[in-house]
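Novice: Let's see this in three dimensions:
(chains A, B and C)
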Amino acid sequence: MAAVGRKGPWTEEEDARLVFSVRLFGERRWDNVAKVSGLNRSGKSCRLRWVNYLHPGLKHGRLTPHEQHLVVQLHAKWGNRWSKIARCLPGRTDNEIKNYWRTHTRKKAEELRMSSPSSSNSEVVGLVVDGDGYSMDQIWDEISASENSDEKCSESVLWE
DNA sequence: AAGACGGTCAACCGCGTTTTT
DNA sequence: AAAAAACGCGGTTGACCGTCT
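Specialist: Sure thing, here's the model as predicted:
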């Protein structure tokens, strides 16, 4: 039944309606939120918009060098577990991180492959952060330093 | 000056997992 | 306990915008 409805970019009015409805009903039952809000959107679409854009406390704009560094580090550890990585970066979403990683590292991966065709290792792990970031050495230092603090970043202090 | 190109980001899709009925 | 509904994740696409030729 779910009349799929509108797709594509959200208008300000849609955002406002969505925020209003989420305040009313909470961040769950998205199909219901979608219906009640009068938005001609799927619940799924509403959830995505909320989580990635409207959610209070979200940071917008480019990742800081510190965040970039963290992403590299965590990706080396966990691979493409974007949501997991995102949980270590308050105010950032999995989508943002995924986008960042793709645009900044796929390129690097290709360059690396070109420059060292001998790289037998099929898996490219930690890559250099663009320009203003950290050197490879620093990154690897920190990765190995944090090796024992493994899975946890949940409570605390990767952050100031 | 304008078209081509590349980077960025928001949003969609498919599918596996979790929650609800 | 099982079926249905909702959620969440990761991959992918496409529009937009700035830069280069």
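Novice: When you work out contacts or count neighbours from here on, use the C-alpha atoms and nothing else.
Specialist: Will do.
Novice: residues contacting the residue of chain A found nearest DNA strand B?
Specialist: Nearest to DNA strand B in chain A, going by CA to the nearest atom of the strand, is A:Lys7, at a distance of 3.1 Å. By CA atoms under 8 Å, 6 or more residues apart in numbering, the contact list for A:Lys7 reads A:Arg41.
Novice: Tell me how far it lies from A:Tyr100.
Specialist: 24 Å (CA to CA, to the nearest Å).
Novice: Over to A:Gly79?
Specialist: Taking CA to CA, one finds A:Gly79 at 14 Å from A:Tyr100.
Novice: Show me which residues of chain A sit near DNA strand B.
Specialist: A:6-10, A:45, A:48-49, A:52-53, A:60-62, A:95-96, A:99-100, A:103-104, A:107 (CA under 7 Å from any atom of the strand).
Novice: May I ask you to confirm that A:Leu18 is in contact with A:Ser37?
Specialist: Yes. Under the criterion of CA atoms under 8 Å, A:Leu18 makes contact with A:Ser37 at 6.3 Å.
Novice: More neighbours: these two, which one.
Specialist: Set side by side, A:Leu18 and A:Ser37 show more neighbours around A:Leu18, with 23 against 20, by other CA atoms under 10 Å.
Novice: List the contacts of that one.
Specialist: By CA under 8 Å, 6+ apart, the neighbours of A:Leu18 are A:33-34, A:37, A:39, A:46, A:50.
Novice: which of these tops the neighbour count?
Specialist: A:Val33 (27 neighbours).
Novice: A:Phe25 is in contact with that one, correct?
Specialist: Yes. With contacts counted by CA under 8 Å, A:Val33 reaches A:Phe25, the gap being 6.9 Å.
Novice: for chain A, what helix or strand is lowest in average pLDDT?
Specialist: None of the helices or strands of chain A scores lower by mean pLDDT, DSSP states H and E than helix A:136-146, at a mean of 45.
Novice: near DNA strand C at all, stretch A:48-66?
Specialist: No. Using CA under 7 Å from any atom of the strand, stretch A:48-66 stays clear of DNA strand C, with a minimum separation of 7.9 Å.
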